[in-house]
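J.: Take this sequence and fold it.
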Amino acid sequence: MVRFSAKLALLAALAAPLVAHAQAPASTPAATTVVTPPAPLLPDKFGEWQASGPADNSIHLAEGVATELIVKRSDAKKYEAEGNASVISATEFADATGAYSAYTLMRTPQMRPCAGGNSLGVDCSISSGTMIFWQGDTLVQIAPAGTKPISASSFNELVGMLPKPTGAKGAHPLLPTRLPQEGLEKDSLHYAVGSLTYAAEGGSLPAGVIDFSKSPEIITARYHGGKSGTGLLTMIFYPTPTIAGDRLRAIEKAIDDKSLPASFLTGDPKAARSGPIVAIAAGGFAARQASRMVDSVKYEANISWNKPEGYMEQFKVSQAASVMVQIMIFVIVMVGAALALGIVFGGGRAAIRKARGKPISTMDDIEVISLGLRGPADRKLQ
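T.: The predicted structure is shown next:
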């Protein structure tokens with residue numbers, strides 16, 4: 001009995017820590033956050049091209065310009081394919097607007113728009129030995145490094161492998177779609193989102209007149225010949241029509257005071273506003289041509305509350321308003337038709353009864369038919 005009691009005591013002593021551990025609340029392990037690295041900006045292989053090593057990025061942006069355009073990352077690689085070689089540089093921006101602005105900045109006067117099978121991305125320009133294009137929020141430059149000719153179609157697969165921004169980040173700029181097309185020199189377009197980018201692209205309007213503190217976006221384009229005349233059209237997109245109206249008055253005052261650069265005072269410059277857009281036609285346009293140019297810039301807001309395109313104004317409120325107007329017109333037409341039918345059928349029937357000498361209302365036609373089953377009043381039923 002003593003050994004058995006001792007064994008029980010020993011077992012109890014050994015089990016106590018286990019029971020205490022079992023009763024103690026289990027400690028929750030620290031949450032582990034797994035961060036997946038983003039896919040490389042440039043793939044190691046696409047189509048027949050295979051990356052052979054890194055290269056120096058050929059897309060050079062000044063520090064201030066890169067800050068305005070919000071550069072996210074850059075990459076450059078050497079590629080080889082069946083005896084051909086090329087160097088591909090790519091820079092990704094915060095949105096499609098930054099990529100387009102950088103594209104218009106990097107495009108040189110020697111470049112021409114790509115055509116036919118040589119076109120890549122949204123916009124493409126080519127010169128001897130260099131091709132640039134932008135797709136989504138990425139700007140790409142391709143420089144052949146071999147001795148054999150290279151077909152632009154061999155890079156089609158690369159376009160599909162670039163980052164695909166969604167929502168507002170992937171929305172294309174609005175202003176290029178508002179440019180008059182007649183006489184437009186498409187290779188002269190420059191798009192700026194800040195004072196440094198505007199200056200780097202050759203813009204000369206004074207910063208005080210534009211007021212970059214209002215976050216405007218600016219596009220400039222040259223026109224030649226035809227009804228549009230020859231000169232420079234500048235369009236400035238402000239956040240609100242109120243700001244645009246204030247800036248229009250400042251620009252018109254600068255034109256009257258002749259305080260603008262000489263390039264804007266050549267000819268008969270004109271300025272006008274449509275919504276949040278201020279248009280300035282200068283640099284050689286005659287009075288009638290300048291007026292025609294600024295009057296042809298029209299702003300139409302398409303607002304949709306279920307899409308985050310923001311300033312791109314790719315909203316659908318105007319469409320909803322159009323549907324409501326059509327519904328109201330339909331209701332008014334149906335009510336009018338009901339009234340017309342009531343007058344025709346009701347009034348016409350009353351007129352026919354009146355012509356026949358009858359009362360207008362059928363209520364007067366009611367007659368009571370009696371069978372006379374009770375007989376004469378003075379006769380009793382036996």
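
J.: and the next element down the chain from the worst-scoring helix or strand of the chain on mean pLDDT?
T.: The least trusted helix or strand in the chain, going by mean pLDDT, DSSP states H and E, turns out to be strand 314-315, with a mean of 40. Per DSSP states H and E, strand 314-315 leads on to helix 317-342 as the next helix or strand towards the C-terminus.

J.: With only the CA atoms kept, save the next helix-or-strand element following that next one in CSV.
T.: As assigned by DSSP H and E, the chain's next helix or strand after helix 317-342 is helix 348-355. C-alpha atoms of helix 348-355 as CSV (Å, rounded to 0.1, in the frame of the first residue of the first chain):
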residue,chain,number,x,y,z
GLY,A,348,-68.3,62.2,-80.5
ARG,A,349,-70.9,59.8,-79.0
ALA,A,350,-72.6,62.7,-77.2
ALA,A,351,-72.7,64.7,-80.4
ILE,A,352,-74.3,61.8,-82.3
ARG,A,353,-77.0,61.3,-79.5
LYS,A,354,-77.7,65.1,-79.6
ALA,A,355,-78.1,65.0,-83.4
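
J.: Flag every buried residue along helix 348-355.
T.: By neighbour count on 16 or more other Cβ atoms under 10 Å, the buried set for helix 348-355 is residue 353. (Glycine included, C-beta is placed from N, CA and C.)

J.: before we move on, what about stretch 68-75?
T.: In stretch 68-75, counting by 16+ other Cβ under 10 Å, buried: 68-69, 71-72, 74-75.

J.: contacts for stretch 39-50?
T.: 51, 73-77, 79-82, 86, 88, 90, 92, 138, 154-158, 161-163 (Cβ atoms under 8 Å, 6 or more residues apart in numbering).

J.: what about it, start to end distance?
T.: 17 Å (Cα to Cα, to the nearest Å).

J.: Mark which of the contacts of stretch 39-50 are part of strands, please.
T.: Among the contacts of stretch 39-50, DSSP state E puts 51, 73-77, 79-81, 86, 88, 90, 92, 138 in strands.

J.: Now do the strands for the stretch 201-350 of the chain: every range, in order, please.
T.: Using DSSP state E, counting those that start in this stretch, the strands of the stretch 201-350 of the chain run over 217-223, 231-237, 270-274, 277-282, 302-303, 314-315.

J.: quick one: strands adjacent to the fourth one?
T.: With DSSP bridges as the criterion, the sheet partners recorded for strand 277-282 are strand 231-237 (antiparallel), strand 270-274 (antiparallel).

J.: what's in contact with the last one?
T.: This means strand 270-274. 241, 244-245, 248, 251-252, 255, 278-282, 285, 287, 290-291, 293-295, 297-299.

J.: So which of these are in helices?
T.: 241, 244-245, 248, 251-252, 255, 287, 290-291, 293-295 (DSSP state H).

J.: From those, which one has the minimum pLDDT?
T.: Here the lowest pLDDT out of the ones in helices among the contacts of strand 270-274 sits on residue 287, with 84.

J.: And that one, how far from residue 39?
T.: 55 Å (Cβ to Cβ, to the nearest Å).

J.: Between the two, which is the more surrounded one?
T.: residue 287 (12 against 9; other Cβ atoms under 10 Å).

J.: And for the more buried one, nearest residue in space, chain neighbours not counted?
T.: Sequence neighbours aside, residue 268 is the residue nearest to residue 287 in space, at 4.0 Å (criterion: Cβ to Cβ, 6 or more residues apart in numbering).

J.: For the one you found, the count of nearby residues, please.
T.: When neighbours are counted by other Cβ under 10 Å, residue 268 comes out with 17.

J.: Please name the residues that touch it.
T.: Applying Cβ under 8 Å, 6+ apart, the residues near residue 268 are 285-287, 290.

J.: Which members of those define the maximum pairwise distance?
T.: 285 and 287 (7.9 Å; Cβ to Cβ).

J.: now the contacts of stretch 39-50: which count as buried?
T.: 51, 74-77, 79-81, 86, 88, 90, 92, 138, 154-155, 158, 161-163.

J.: any low-confidence regions in the stretch 101-250 of the chain?
T.: 226-228 (pLDDT under 70).

J.: Quick check, residue 225 in contact with residue 185.
T.: No: the criterion here is Cβ atoms under 8 Å, and residue 225 misses it with residue 185 at 10.0 Å.

J.: okay, now the domains of this protein?
T.: 38-171, 173-315, 318-358 (automatic domain parsing).

J.: Quick check, central residue of the chain?
T.: By Cα atoms, centre = their mean, the chain has its centre lying nearest to residue 171, at 3.5 Å.
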